[in-house]
Each structure stands twice: as structure tokens, then as C-alpha cells.
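1. I'd like to go over a predicted model; first the sequence, then the structure.
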Amino acid sequence: MRIVIIFLLTCHFLIGQSGLDLEKAQDLYDQGKKFYYDAEYREAAIAFDSCLAIRSAQLDSPHNLIFKVKYRIANNYMKLRNYEQSEDYLSSTLEDGKALFGPESDEVSRVLGDFGVLYSRKRQFSKSILWNQKSIDLKKKLYGSLSKEVAYTRMNNSNNYYGQGNYVKCINELKEILKIYDKELDPDDQNYNRVYLTLSQAYRKKGDLDNALVFAEKAVEIKLKNYEADHPSLRKYYDNLAKVQASLNQLEQSKSNFKKAEKVYEGYGSKEDLGSHLNDAARVYVQSGEFRTAQEMFEQAAELFKGNVRKQAIARSNIAICKYYSGAPDEGIEILESALRDDPDLENFLRLCEWKIEVNDMDGARLAYQEATAISVNGDDLSKVKLLVLSSKLDKSISVDRAWASINEAIEVLTKMRRKYLGSESKNYLNERLEGIFDYAVELSVDKYRLKPTEEQLADVYKTIEMAKSASFWDNLSEENAAYLGKVPADLIEEIEILKRGGEEMMLALEERMTALEMEYPLYYKRKYTLEVPELSFIKTQIDEDMCVIDYYVLEDSVYAVVLTSEGTDFISQSNTGELTFDLEWEYLKDKSISRVSIVPHRFIHFISFEEIINQETQDYFLYDFAFSYQVNIEALIKSRDLTTKLNYLGIAPTWTTTSDSKDFAFRNDLVPLPGASVEIDKAASYFKSTVLKGEDAKEEAFYLKAPDFNFIHFATHAKIDPTNELNSYLYFNSQEEGEDGILHTDEIMNTDLRADLVLLSACETGGGGLKSGEGVMSLSRAFQYAGAKSVLMSLWRANDHSAQPIILNFIKNYKNGMPKDVALQKSKIKYIEKADPLMRDEIYWAGFMINGDVSPIHTATPWGRSFLFIGLGICLLILLLKFA
């Protein structure tokens, strides 16, 4: 009916007394705007096109009225996903805007921003950021840096960061936008709903579901204050809230909001729109393992997609996934093959090949592999890695050597890919996309070793395990080491770092500079891109005679360990029962002169304190047999080039005045006073040249300013650990100032430039955290190592204030007196057990404290060092006296 009205109006204008009527064209323009804001974009297109035809015939271009309607048409085509037409109209509008209003006008700034939106819709995020930045720079000139006009375009860039998977950067940008909105806008302004929606989506992707829910609810609340409950734009807000609730297992609330969204889809939009909604909603149920519910929704979507072959094939491929993982693999494969006949999709051919291998249909797997190879695209490195892994699996039954060559090529491609991903979060995203590759590579290396158990084959097991671990941490280390070994001038490295910090808009310049740098310094390139693992022969020279390193790798059914000493290497394999007895390791070590063990953990082993395991032979803790330390990877154990000659101590101890009646002892994650913490810091500070930040002085800003200048940093404070997502963990500071929230987040720690020989975290659960693919445990401890700390003393579980103080202080004394860090901690714990009240000797009070990283002793004059000096002088004096007597 609306289209008929527009047609009749247009005909009336065309036969008017003077031909064309500009006043009536304005009516068409206003009608088009109404359709646009009601999300009736096809009707809007007819109205705007009719308006443009009238105005173009009546007016000379460029003209303000023609500019306005072209601008509307460009945005309407964007909504209709006709991006080519949108780009054409934006280009024309930009030229008209410059001619009419000047190149530095508000109108031009808005068109530049719309180019940013267009390229973001096309998922060309880097290009979008560049256009948005042009708009932002112009708006800063016109309105100021903190204006709402600048904030609107920064909002578009936050969407780009979200699209790139850089959720931390997205959230930080949105927080800055909110600060501007809070000053400039009414609390119920509709611009808030976009910020809240994107914040919710980013927090959900980051794993922070509590914040995701808060902002999802806020987004819906603000939206409903500005629009009717059945407005088409509410669909994605209901959808997002439902997805968050499903992730929190609030299934009834989730279903309710999915139904609200579905009702809006039914009132507005096509059957395909509703099908897309169901397709998206069902994926939430797949993630939670509710395959039956998901399958029903995918089947509804497939029915709604009738007539659209490609979308129907996508829905059927999703049905196949539900079937395969709910215990009907043959049926799932059959449905996927049917979907692939209608839509030859690369990702699904890769999936089909994997499934065929899993059900041992190798001929079918090879056919699927050939189809995938035929439609793969040059330059798609992610797919190339997957194809190489599948090639290795197909070759394994024919030739282990061929399989090994393919998996190594896959790792080489993956390594180069990861170097170009900026930030640890983006690299984690890539790791998750390729999860399982290193598991397979390790298993293959072990199979190869078992066929031919030689030192050379064991070296391959060790190298593969090491490459699998701590991938982002390795990147940071290898950048530093590559520059050092490749003799790259410091100013060039600084230039590269500046470009990296510039973000996506500097990506092109970064790539060009790195390419030139790597051609000029080939050794740098080799170290940076080949992911070289230190040779076993070299590692042996770095291990003290009294030390053993055990490098673990955990698979579903097995736990593997490469055991290294200064004398040799061995291999231990045991079943994965979810626990570790250390019995096999003890049998290997007990007859050797080993008193120190450094653990390189993997998966559940990250959460084990080896000292508290009972030695079945002696019926006592392994604490009495070995001094334990823990490593991110083998390279973290390599002795530092820069020896510590003098300790400068920074102690940080915030204070609190609240009390808690719920516990007999103060644990260091309850925000209650910690009298032991203040005493601990004061006593520790008395041993060194020191600076102490206590009470009101223990502020975030003070830490940022002072921390880079100290090589011993000691926190005695509260901490919060999120076991599902490390970026939600933090240390508490005492007071807040403008621009601070009083807490030091994991990502803020990682972005700090530290030179500390030792960071001591006398807080709760600082070593705990979530497991990330290829990353090991991500925790506050790891964050300090990212930032540059050589070693971190941390707590694996809640630290009791009464036991923490004596253990920490005795450790510091032992370390100051020249003991290696691992031995210093061992001796301190034994002393605590000997002197503690019997009720507080349990391992919960002492076993949680662990030393991670470099365990070297302090390289300065110590009481032991001075004793040896006096003894030496005494011997020399005695020789002289005897000689001249």
C-alpha cells in the first residue's frame, strides 16, 4: 500500500501545472525519512529516488537539496546491503559536500564517517578505521577532542575493534566514549543504547558474562525508552540479551527474550530474516551442548530459507553438526555431504574431511580433502594450516615421516601468521580457531619416538612440546631475543614498537618497515619467524648440576614428560587420570644428585603444587626432597644476560578499614584490614634500599610512575581472580583518583614496562586463572612476566595473612643472603612448618606459594659472599706468614 501511495504522489508531481513541484519533492523526502526510521528500507528507496529525480531535473548540481537526498540514498543502500551503490552515492556526496560547504565542514566530516561505516559493514576494518580517523580529525577541528560529535565516530571505530576480535581495545574505547556522553548527553539519549549493546557483546566475547549481562539489560532499557517494544531495531537487542542469558545458563529468561526477538522478526522483515535469527540463536545452544534444541531451531531456519539454496545449505550444515556431536555421526556426515552439494563451502569440506578421518573412512576423507584443496584461496593462511594438518593425518597411516613434514609446514605457516596478529588477545583468538593442532603434533612426535627411540627423535618431542606452550609469551621473548641476536639497532626496534602501538591504522606502515628490517637483518628474521627452540645440548649447559627440568604435556588419555638434567634427557609417559602422583618421576630422580626440580606445566598440572604431594616411599611431603620452581617454557629458564647487581625495593601495601565477622582468619581476597601485610612490607623494606607505598600513597598512578625503576617489587594486597577469564583478574589499590578505578587489571599490568628481577605477589590466587590454548595458565603472575619481570613469587590459592607473613619474610632473608630463589622459598616453608602452631601446619597454609621464572640468586655481595672473601684473605695471610716465618 505504501508503494502505491508513493507511486500516485510521484505521478501527481509529474503532471503538475509547471511540471515538477519542489514542494512536493520535499514531501517525498520526508516520507522517505519516515520509512527509513521505521526500517522500511525498500519503501524509503522508492521515495528517495523519486525525490532525487524531481530535484535533479529542477535544480543545478551541486545543490544543497540534491546533496541531502543523495546522502540519504547512500545510507539507505547501506541498510539494504547494496554496498556498491552506497559507495557510488557516498563518493558523489563527498564531492558535492566539498564544493558546497568546504573541505573542512561538518557535512564532509559526516560523509567521511559514513565511508567508515560502509567499509566496516563490508568487514574491511582497517580501511574503515582510516576513514573514521579522517572524520575524527576533522570533527576535532570543528568541535573539540571531547565533543559528542567526535564520540559518535569513535563509536564506529569501537565496532571495528570488535570485528577484529580485539575486545579489550573495543571496551576501552567505549569507556572513553561513555565519559564524553555522560557530560554531553541526556541520560536517556538513544546514543547510549549503541554503546551499551557493543559493550555487552564485547564483554560476552571476552568471557566477562556479569558485565555482559549488565550492559545488555541497560541497552534494552534505553532502547525501550526511545522506541516501541515491537520496533524492528529491538531485534538485535533482545537477541544479544538472550545470548548472554544463555551463556549464564539462565535458559528460561534467554528463551523469553529470543521469543520477543522472534515476534519482532515476524512483524517486520522477511522469512529469511527470521530464519537468520533462528540460525544465530541456535548456535548458543550448540555451544552449551544442547544439540536437540539447537537442531530443532536449525530445522525451522532451513524451512524458512526455502528458495535460498545457500542459506538453506548453511542451516543443514548446522543440523549436521548437531547430529554428529549428539551421537549420530553417520547421519551427520550424510546431511553435511548433501549440504555441500548445494553449497561447496571450504570450511564444511574441511569439517567433512576431519569427520571422515575420525570414523576411519580414509578414502572419503581424501575425496573431501581434494574438494577443499580445489576451492581454497591463495593467501588464506588459516585454511592453509588446516589443510596441512589434514594432509598430515591422511599421510600418517602411509608414512610417519611424510606426516611429520606436513605438520611442521603447518606450524611454520601458523608461526608467521601469529607474528602479524597484534596483541595477546588476538593471538588467543587465533589459537582457539586452531585448537588441537599442537596436540596432534605432540602425539605424532611421540609416535615417531616410540618407533625409533633415539636422542634425535626425543629432541623432536621436546621441540614440539615447547612450541606448543606459551605461544604469545614466546612471541614477546623471541622479539627481544631476535633483536639482540640479530644485532638490530635499538632505535629501529623502538620505531617498530611505536608503529605497533599505533594500532590498525598503522598496519601498512608497520608491515613495510618490518619487511625492510628483516631483509636488512636476516638473522633477526630467522629468529623471529622460525620459532626456534633452544637445542637440548644448549639447555643442558643452562641447567645446574643439582637441578632437573620436567617438561609436561597433557593429552586426553596420556601425560608425557621430557626430563632434562645437565647429564642427559629421558622420556616419561603415564595415563591421564586427572591427578599426578610424581611416583615415576621419583623413581627416575631418587638415585641422582638432584635437589631442585623446575616444572614446565601444561593444562591441569598448572594447578598442582608439587611440594604438597606425598612421597609414598618416605611418607612425607616432596618439599623435603626438592626445591620446586615453575616455568612458562624452557626458554624462560635460560639464565638472564643482565645479572642483578643491586636490589632496589618497591613495597606496595594499601590499607582498608572494613571488617569481616565471617572468618576466623583474614584471607587476602576479603576487603578487610591486613595487619600482617603492613608489617610484612615494613620489615622487607628494612633489608634494602627501598621505597614504600602504603595507605593513601598506594595508588595506581604511583605504581605506573615508580615500578619501571625498581628490580624488586612487592605487593601485599587483596586480589580478585576470575578462573574463566584472566583479563577480569586484578590487584586492589587503596584509593581512587580521576581516571583511576583503584584496581590494577591484568591487561594494564601487561602494558607496563618492567625491569624487575623479582615481583612478589603476596595476595590470594595470583597464580590461578583460566586455561588458554597454547598459553598455559593466564594469571596475574603471567601478566607480570609479559610486562618484563624475570621471576614472580605467586600464590596458587587463597593466602592466609598469618602464614603469608613469615613465609614471605624468611624467603626474602634467604634470597638476600644469596640463596637461589627456589631454595630460598623451600627453606622458608620448612622453617614455617617447624615453628607453626600444629593447627596451621596443613599444606593449605604454605604450599600455595610458588616461584615462577628465573631462579638465579642475587648477584651482589652477600653475607655468604663476604664470608668466602674473608676466608680467602685469611688463607692468603696464613701462607704469607708461613713463607716469611
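-> Structure's in. What do you need?
2. how much space between residue 601 and residue 580?
-> For residue 601, the distance to residue 580 equals 10 Å [C-beta to C-beta, to the nearest Å]. In short, each C-beta sits where N, CA and C put it, glycine included.
3. These two: which is more packed in?
-> Set side by side, residue 601 and residue 580 show unequal neighbour counts under other C-beta atoms under 10 Å, the larger going to residue 601 at 23 against 20.
4. From what I see, the more buried one and residue 608 are in contact.
-> Yes: shown here, residue 601 and residue 608 form a contact pair, counting by C-beta atoms under 8 Å, at 7.2 Å.
5. what about residue 649, which helix or strand?
-> When secondary structure is defined using DSSP states H and E, the element that contains residue 649 is strand 648-653.
6. and for residue 601 and residue 580, which residues touch both?
-> The overlap between the contact sets of residue 601 and residue 580 (C-beta atoms under 8 Å, 6 or more residues apart in numbering) consists of residue 608.
7. okay, now the nearest residue to residue 381 once chain neighbours are set aside: neighbour count?
-> With C-beta to C-beta, 6 or more residues apart in numbering as the criterion, residue 381 has its nearest non-adjacent residue at 4.9 Å, and that residue is residue 417. Here the number of neighbours of residue 417 (other C-beta under 10 Å) works out to 16.
8. still on that earlier bit, export the strand holding residue 649 to PDB, keeping only CA atoms.
-> What follows is strand 648-653 as a C-alpha-only set of coordinates in PDB (Å, rounded to 0.1, in the frame of the first residue of the first chain):
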ATOM      1  CA  ASN A 648      66.100  -1.600  44.700                       C
ATOM      2  CA  TYR A 649      62.900  -2.500  46.600                       C
ATOM      3  CA  LEU A 650      59.400  -1.100  46.000                       C
ATOM      4  CA  GLY A 651      56.800  -2.200  48.500                       C
ATOM      5  CA  ILE A 652      53.100  -1.600  48.000                       C
ATOM      6  CA  ALA A 653      50.600  -2.200  50.800                       C
END
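9. Name every strand pairing with it and say which way it goes.
-> Strands adjacent to strand 648-653 in the sheet, as given by DSSP bridges, are strand 689-694 (parallel), strand 712-716 (parallel).
10. Pairing partners for the helix or strand just after the shortest one, with directions?
-> From strand 712-716 onward toward the C-terminus, using DSSP H and E, the following helix or strand is strand 719-720. For strand 719-720, sheet partners with direction are given as strand 730-732 (antiparallel), following DSSP bridges.
11. Excluding its own residues, what touches the strand it pairs with? List them.
-> Contact partners of strand 730-732, identified using C-beta under 8 Å, 6+ apart, comprise 654, 671, 715, 717-720, 742-746, 749, 761, 763, 766, 780.
12. By neighbour count, sort out the buried ones in those.
-> Among those, those that count as buried by neighbour count (16 or more other C-beta atoms under 10 Å) are 654, 715, 717-720, 743-746, 749, 761, 763, 766, 780.
13. now for those, which pair is the farthest apart?
-> Across the buried ones among the contacts of strand 730-732, the longest distance by C-beta to C-beta is 17.9 Å; it joins 654 and 746.
14. So what's the gap between the strand holding residue 649 and the chain middle?
-> Between the centre of strand 648-653 and the centre of its chain there are 30 Å (C-alpha atoms, centre = their mean, to the nearest Å).
15. Which residues does it contact?
-> Under the contact criterion C-beta under 8 Å, 6+ apart, strand 648-653 has outside partners 674, 677-678, 680-682, 684-685, 687-695, 698, 703, 706-707, 709-717, 733.
16. which residues of the stretch 701-850 of the chain fall in helices?
-> Shown for the stretch 701-850 of the chain, the helices assigned by DSSP state H, counting those that start in this stretch span residues 746-750, 780-787, 801-816, 821-835.
17. got the CA positions of stretch 602-610 in CSV?
-> These are the backbone C-alpha positions of stretch 602-610, laid out as CSV (Å, rounded to 0.1, in the frame of the first residue of the first chain):
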residue,chain,number,x,y,z
HIS,A,602,50.6,-28.0,31.0
ARG,A,603,46.8,-28.0,31.4
PHE,A,604,45.7,-29.3,34.8
ILE,A,605,49.3,-29.6,36.0
HIS,A,606,49.3,-25.8,36.3
PHE,A,607,47.1,-26.1,39.3
ILE,A,608,49.4,-28.6,41.2
SER,A,609,51.8,-27.6,44.0
PHE,A,610,54.3,-30.4,43.7
